[in-house]
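**Q** What follows is a predicted protein model with its sequence.
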Amino acid sequence: MQRVITTNNLAIERNGDSLMIDLLLQFLANTGYYLADYRHYIMIIIGCIFVYLATAKKYEPLLLVPIGFGVIVGNIPFFKGFGIGIYENNSVFHYLYFGVTTGIYPSIVFMGLGAMTDFSSLLARPKLMLLGAAAQMGIFFTLLGALFLGFLPKEAASIAIIGGADGPTSIFLTAKLAPHLIGPIAIAAYSYMALIPVIQPPIMKLLTTRKERLIRMSESREVSKTEKLIFPIVGVLLCCFLAPTALPLLGLLFFGNFMKECGVVDRLASTARHAIIDTATIILGFCVGMSTQADVFLTSEALGIFFLGAVAFSIATGSGIIFGKIMNLFLKDKINPLLGASGVSAVPGSAREVHLMGQHEDPNNYLLMHAMACNSSGVIGSAIAAGVLWSFLM
């Protein structure tokens, strides 16, 4: 009798050990270490590079820190079905991502941007608006290139808007036309915005002579308070009657600017240009980073988008500079053609790079305010271009 009890105990112990091993193996099978493949590690490395560029090199840290960390978090493998990932219904990240796919965050960013922007330099020299418009040529040339490479019209339009060098506008249009491409398009747009100090200077030097880079801009006239107050109202009417589909972006951009200039809602304007835009930028960047899950991001389409994005950004920079040189053929009061590079709407990165290039040639040449005029007109121009593309392709 004693031997039977001992045998049963041994059997129970063995079954218990087997159960523990099975549970341990099941646990290990559900960990990220087991589920990961080389694609996840590639994306995590890319996220680390973004974070490194932001912290060590100071390349647009307000953009690359949330995006880079989002890329890292979004590529930690997990067991599907637990409601964890950004593409799984009812997950926390899915609800946060809703603001990206519907265009809510980009529109909020535009309101904050309007509350931060001083259009005085643009009003003082309205002709600089032409440089902002000329820089949008990158959008339409890239549209043709994307169609040539086999992208569908809605996808091609979403890729082309990268040429405007405006991350929120790129995300907004892609969410409407090709939401499955939000990840690679947003990463491409923000990457090239962050790499302005690397991309733009060689193009600026290639397309201008030293004599042109030394041109000093004449002093701008003083803009009255009334002009600054009327501009956002006139601007929203003119631009949105032309492209009503740009209302979610330009309506809030000019609303934010009116709050800034009217002088009676300073607390609201301050909130818009600080707390609100900062919150929207954090969540937008993090969600965009998370959307780059390896299984949906590392595709041949993504590589094509990054290539076309680089082409778009380069053409936008070059077309603005070339148009500035053309304008000088007809102007007595010459403009520095470097300003054309700030027509891309990467605020304020491209304007700052133009100023630095001018300072490199002549430390007493101050181009920043004039470059901001082109920069702000580029923001408006890219939003109108997005609205036009959306209206044609919906």
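**A** Nice, I can see it.

**Q** Identify the nearest residue to Gln136 in space, disregarding sequence-adjacent positions?
**A** Nearest residue to Gln136, sequence neighbours excluded (CB to CB, 6 or more residues apart in numbering): Gly381, at 4.8 Å. Using the backbone N, CA and C atoms, a C-beta is placed for each residue, glycine as well.

**Q** Can you check the pLDDT for that neighbour?
**A** Reading off the confidence values, Gly381 has pLDDT 89.

**Q** since we're on it, how many residues are nearby?
**A** Number of residues near Gly381 (other CB atoms under 10 Å) recorded here: 26.

**Q** wait, what's in contact with Val65?
**A** Residues in contact with Val65 (CB atoms under 8 Å, 6 or more residues apart in numbering) are 50-51, 54-55, 285.

**Q** Narrow these to just the buried residues.
**A** 50-51, 54, 285 (16 or more other CB atoms under 10 Å).

**Q** Okay, now the unreliable bits of the stretch 151-300 of the chain?
**A** Applying pLDDT under 70 to the stretch 151-300 of the chain picks out residues 165.

**Q** Stretch 345-362 - what's its average pLDDT?
**A** Mean predicted lDDT for stretch 345-362 stands at 87.

**Q** Tabulate the contacts of Val65 (JSON lines), appending distance to Gly318.
**A** Below are these laid out as JSON lines (distance: CB to CB, whole Å):
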{"residue": "Phe50", "distance to Gly318": "26"}
{"residue": "Val51", "distance to Gly318": "31"}
{"residue": "Ala54", "distance to Gly318": "27"}
{"residue": "Thr55", "distance to Gly318": "31"}
{"residue": "Gly285", "distance to Gly318": "28"}
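
**Q** And those, which is closest to Ser345?
**A** Gly285 (17.3 Å; CB to CB).

**Q** So what's the residue count around the residue nearest to the closest one when sequence neighbours are not counted?
**A** Spatial nearest neighbour of Gly285, chain neighbours left out: Pro66 (3.2 Å); criterion: CB to CB, 6+ apart. Pro66: 24 surrounding residues under other CB under 10 Å.

**Q** Next up, the contacts around Pro66.
**A** Applying CB under 8 Å, 6+ apart, we find Pro66 in contact with 281-286, 289.

**Q** how does this structure divide up, domain by domain?
**A** Following the assignment in automatic domain parsing, the chain carries domains at 2-30, 97-393.

**Q** these two touch, right, Glu88 and His94?
**A** Yes - under the criterion of CB atoms under 8 Å, Glu88 makes contact with His94 at 5.9 Å.

**Q** ok, those two, which is more surrounded?
**A** The neighbour count for Glu88 versus His94, taken as other CB under 10 Å, is higher for His94 (18 against 15).

**Q** list the helices and strands the helix or strand hosting the more buried one packs on?
**A** Per DSSP states H and E: His94 is located in helix 92-101. Using 3 or more CB pairs under 8 Å, 6 or more residues apart in numbering; DSSP states H and E as the contact test, the elements touching helix 92-101 are helix 167-177, helix 277-290.

**Q** after the helix or strand that Met20 is a member of comes which helix or strand?
**A** Using DSSP H and E, Met20 sits in helix 2-29. Heading C-terminal from helix 2-29, the first helix or strand you meet, by DSSP H and E, is helix 32-35.

**Q** Taking helix 277-290 as reference, get the angle to the helix or strand just after that next one.
**A** Sequence order places helix 38-55 as the next helix or strand after helix 32-35, per DSSP H and E. Orientation check (axes from the mean of the first three to the mean of the last three CA atoms, to 10 degrees): helix 38-55 against helix 277-290 gives 150 degrees.

**Q** dump the residue contacts of the residue most central in space within the chain.
**A** Centroid-nearest residue in the chain: Gly167, 1.9 Å away (criterion: CA atoms, centre = their mean). Taking CB under 8 Å, 6+ apart, we find Gly167 in contact with 63, 186, 189-190, 193.

**Q** Would you quantify the distance from it to Leu367?
**A** According to CB to CB, to the nearest Å, Gly167 and Leu367 sit 24 Å apart.

**Q** Ok, Gly163 next?
**A** 23 Å.

**Q** Could you pull up the residues touching Asn336?
**A** So Asn336 contacts 212-213, 215-217, 324, 358, 365, 367, 370 (CB under 8 Å, 6+ apart).

**Q** Return the member of the contacts of Pro66 nearest to Phe140.
**A** Taking the contacts of Pro66 together and measuring to Phe140 by CB to CB, the closest member is Leu284, at 26.1 Å.

**Q** And the furthest pair within the buried ones among the contacts of Val65?
**A** Val51 and Gly285 (11.7 Å).

**Q** that older thread, narrow the contacts of Asn336 to those that are buried.
**A** Looks like the contacts of Asn336 have 212-213, 215, 217, 324, 358, 365, 367, 370 buried, using 16+ other CB under 10 Å.

**Q** quick one: the helices in the stretch 251-394 of the chain?
**A** 252-262, 266-271, 277-290, 294-297, 300-328, 349-361, 368-393 (DSSP state H, counting those that start in this stretch).

**Q** And those helices: which comes nearest Ala146?
**A** Nearest of the helices of the stretch 251-394 of the chain (CB to CB): helix 300-328, 5.5 Å.

**Q** Buried residues of stretch 211-231, list them for me.
**A** Buried residues in stretch 211-231 (16+ other CB under 10 Å): 212-213, 215, 217, 220, 223, 228, 231.
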